[in-house]
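S.K.: One predicted model, sequence on top.
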Amino acid sequence: MTKYIKIKAGAVVLGLSAAAAFPAQADVFNVPDADWTGGLVTCRILTTIMEQEMGHKVRHITMPSGAGVYEGLRSGDLDFACEGWPSYSSSKEEYINEYGGDGSVVKFGNVGVVGASSY
């Protein structure tokens, strides 16, 4: 079952760029720290707003980005991800409805940043 949180501030909507399936009220939100600088900064801005302006508690979890984040969202071990690149994850077809998945992970929208990889 997919669950959602009520977003209280426009700044939070701006920062939430990836997928999410999390409880309506959580004691502590478990959030993965991205393993690239831009993603880490985006998430720290969002979670600072959540903590300091909205009174939520956030636990940052260090882990590699990619399929593991979607697995964590689906299983409930992670509550949301601030930034993700579904196009780089093979598991998007399993979980994200927009890509043909079962909808257990929900992509809320884009933040307007167009990413590029030069690997």
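M.R.: On my side now, so go ahead. Numbers count the residues shown, from 1 in each chain.
S.K.: Buried by neighbour count: which residues of the longest helix seen in the chain qualify?
M.R.: Identified as the longest helix of the chain according to DSSP state H is helix 37-52. Across helix 37-52, burial judged by 16 or more other C-beta atoms under 10 Å covers 39, 40, 42, 43, 44, 46, 47, 49, 50. In this view, the C-beta of every residue, glycine as well, is placed from N, C-alpha and C.
S.K.: Go through those residues and say which is closest to residue 32.
M.R.: Proximity of the buried residues of helix 37-52 to residue 32 (C-beta to C-beta) peaks at residue 43, which lies at 8.0 Å.
S.K.: Using CSV, please lay out the buried residues of helix 37-52 together with distance to residue 64.
M.R.: Output for the buried residues of helix 37-52, formatted as CSV (distance: C-beta to C-beta, whole Å):
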residue, distance to residue 64
39, 12
40, 13
42, 17
43, 15
44, 18
46, 20
47, 19
49, 25
50, 23
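S.K.: list the buried ones in whatever helix or strand comes next after the longest helix of the chain?
M.R.: Per DSSP states H and E, the first helix or strand lying C-terminal to helix 37-52 is strand 58-62. Residues of strand 58-62 classed as buried by neighbour count (16+ other C-beta under 10 Å): residue 58.
S.K.: What residues sit buried inside the following helix or strand past strand 58-62?
M.R.: Following strand 58-62 in sequence order, the next helix or strand is helix 67-75 (DSSP H and E). The neighbour-count check on helix 67-75 (16+ other C-beta under 10 Å) flags 69, 70, 72, 73, 74 as buried.
S.K.: Quick check: which helices or strands does helix 67-75 pack against?
M.R.: If you count contacts as 3 or more C-beta pairs under 8 Å, 6 or more residues apart in numbering; DSSP states H and E, helix 67-75 packs onto strand 19-20, strand 29-33, helix 92-95.
S.K.: Near residue 118, how many other residues are there?
M.R.: Around residue 118 there are 3 other residues, counting by other C-beta atoms under 10 Å.
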